[in-house]
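Q: Quick one: sequence and predicted model below, then my questions.
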Amino acid sequence: MSRATGTRLQRGLLLAATATVAAGSLSGCFTERQNEGAKLYATHCASCHGDQGQGLQRLIPPVAASDYVAQRRADLPCLIRKGMKGPLVVNGIGYNQVMPGHEDLTDSQITNLLNFLQTNWGNRNQTYTIREVSDLLGRCNGSDGQ
Amino acid sequence: MPLRFTTSRAVLASLLMAGSLLAACSPDSATTATQPERLPVLGLKHNAPTSPADTLPDPVPAFRLTNQQGQVITNQTFAGKVYVTDFFFATCPSICPKMQSELLRVYKQFEGNPNVLFLSHTIDPAHDSIPVLRDYAERLGVRDASRWHFATASHDTIFALAKAYMTAAQVDKTVQGGFAHSGAFALIDSQRRIRGVYDGMEKAQVDQLIQDLPLLLKEEQLETAPATK
């Protein structure tokens, strides 16, 4: 094999590799993370807050049509990251339970989850950018920068 | 892996149930009309019996618990009744809310029938004091403690009972909340026998429980009828 053929072959391989990587990352953008917020809700939240965000009686507050979700917008990223404990009032009803934190979610996953909640089930609130969520998470040292 | 045990139990339960359903599909319509469909008795020993007694399932052992009103409850509390039981804890962040909302669905279906009782055991007695249990019950919407008991006892007692009811509960610091437990509901008859085990996290299985309860109630009624004559 001549040296020229070898280089051409290498270049071809490199191109193919680049194309594969590009295709892989593109499919990552367009398919895997579609409806990520809804999927994350189903995995991490639905067992307590209900499959429609309805909550559970006076034990678990609703996240659907919730005044807390609207009014405490800036606190929600840290609430998801660190969890919470103690009394709170949602839609005029007092609750007192423990919510676990979620160190396993990235900043962008928390963004998608919150944007799903802020725009569904009777909530019509402003959405977040990932940057904003990372900034808000900074308040509780909860940003992972991703 | 809090749900690992549930699946095998559920498979066993559904196999047994499927068996009883097949038995009911007898072509002889006269037989099916006179012989009411019966739920299986679970907990039969797997080893070959060496005496007739060996084939009998172990009944739910004697227990003594305290409910959300501070009242002592024993097997006698459930005498002549059927009941559904599960294991939970008040601060459980994983499967309990879903489980208890499913059990609440069963409770609402049979709210008017005093022969159906409910018994939820806390597996975290250190935290779930009587006031905590009472608050939990009230928040869930259960006002009548004589219909749905939220009970506590020592850890050993609770874990031994979980085993007897064919559900799993144990301390596990690796899971959220610190306890591993299955979301199983067990259905117990008036003779302290387990007549069904259902995965409380699966709507379809809870629907099955709602369908099975009237069958058991009918059987209980038929068995007690001659004695009352």
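A: Alright, I've got the coordinates. Owing to the predicted nature of the structure, the values given are computational and were not obtained by experimental measurement.
Q: Mind giving me the packing neighbours of the longest helix anywhere in chain B?
A: Criterion DSSP state H: the longest helix present in chain B is helix B:203-228. Applying 3 or more CB pairs under 8 Å, 6 or more residues apart in numbering or on different chains; DSSP states H and E, one finds that helix B:203-228 contacts helix B:4-24, strand B:82-88, helix B:96-109, strand B:184-188, strand B:194-199. C-beta coordinates here come from the backbone N, C-alpha and C atoms, glycine included.
Q: go again using 6 Å as the cut-off
A: If you count contacts as 3 or more CB pairs under 6 Å, 6 or more residues apart in numbering or on different chains; DSSP states H and E, helix B:203-228 packs onto helix B:96-109, strand B:194-199.
Q: Please spell out which residues along that helix are buried.
A: The neighbour-count criterion (16 or more other CB atoms under 10 Å in any protein chain shown) identifies B:205, B:206, B:208, B:209, B:212, B:213, B:215, B:216, B:217, B:219, B:220 as the buried residues of helix B:203-228.
Q: Show me which of the helices and strands packed on helix B:203-228 has the highest average neighbour count.
A: Scoring these by mean neighbour count under mean count of other CB atoms under 10 Å in any protein chain shown gives strand B:194-199 as the most buried, with a mean of 25.
Q: how long is stretch B:103-121 from one end to the other?
A: Using CA to CA, to the nearest Å, one end of stretch B:103-121 lies 13 Å from the other.
Q: got it, and stretch A:93-113?
A: Taking CA to CA, the first and last residues of stretch A:93-113 lie 24 Å apart.
Q: Repeat that for stretch A:122-138.
A: Stretch A:122-138 has an end-to-end distance of 29 Å (criterion: CA to CA).
Q: Check stretch A:118-126 too.
A: First residue to last in stretch A:118-126 (CA to CA) measures 7 Å.
Q: Return the distance of it from the chain's centre.
A: Offset of stretch A:118-126 from its chain centre (CA atoms, centre = their mean, to the nearest Å): 15 Å.
Q: ok, and for it, which residues are buried?
A: Neighbour counts over stretch A:118-126 (16+ other CB under 10 Å) mark A:118, A:120, A:121, A:123 as buried.
Q: Thought residue A:124 was touching the first one, still the case?
A: No. Counting by CB atoms under 6 Å, residue A:118 does not reach residue A:124; the two are 8.0 Å apart.
Q: now check stretch B:129-140, is it near chain A?
A: Yes. Interface with chain A: stretch B:129-140 contributes B:139, B:140 (CB under 6 Å from any CB of the partner chain).
Q: In that stretch, which residues are buried?
A: Within stretch B:129-140, the residues that count as buried by 16+ other CB under 10 Å are B:130, B:132, B:133, B:134, B:135, B:136, B:137, B:138, B:139, B:140.
Q: separation between the residue nearest to the spatial centre of chain B and chain A?
A: In chain B, the residue lying closest to the centroid (CA atoms, centre = their mean) is residue B:186, at 2.4 Å. From residue B:186 across to chain A, the span is 21 Å (CB to the nearest CB, to the nearest Å).
Q: Spatially, which residue comes closest to that residue, not counting chain neighbours?
A: Excluding the flanking residues, the one nearest residue B:186 by CB to CB, 6 or more residues apart in numbering or on different chains is residue B:165, at 4.2 Å.
Q: Am I right that the one you found is in contact with residue B:185?
A: No. Assessed by CB under 6 Å, residue B:165 is found out of contact with residue B:185, at 9.2 Å.
Q: Quick check: what element follows the helix or strand bottoming out on mean pLDDT in chain B along the chain?
A: Across the helices and strands of chain B, mean confidence by mean pLDDT, DSSP states H and E is lowest for helix B:29-34: a mean of 46. Helices and strands here follow DSSP states H and E; after helix B:29-34, the next one along the chain is strand B:64-66.
Q: can you pull the buried residues of that next one?
A: By 16+ other CB under 10 Å, the buried positions in strand B:64-66 come out as B:65, B:66.
Q: Any idea how many residues pack against residue A:107?
A: 23 (other CB atoms under 10 Å in any protein chain shown).
Q: which SS class is the closest residue to it other than its chain neighbours?
A: Distance criterion CB to CB, 6+ apart; nearest residue to residue A:107, sequence neighbours excluded, is residue A:134 at 4.6 Å. Here residue A:134 is helix, with the state taken from DSSP: H, G, I helix; E, B strand; the rest coil.
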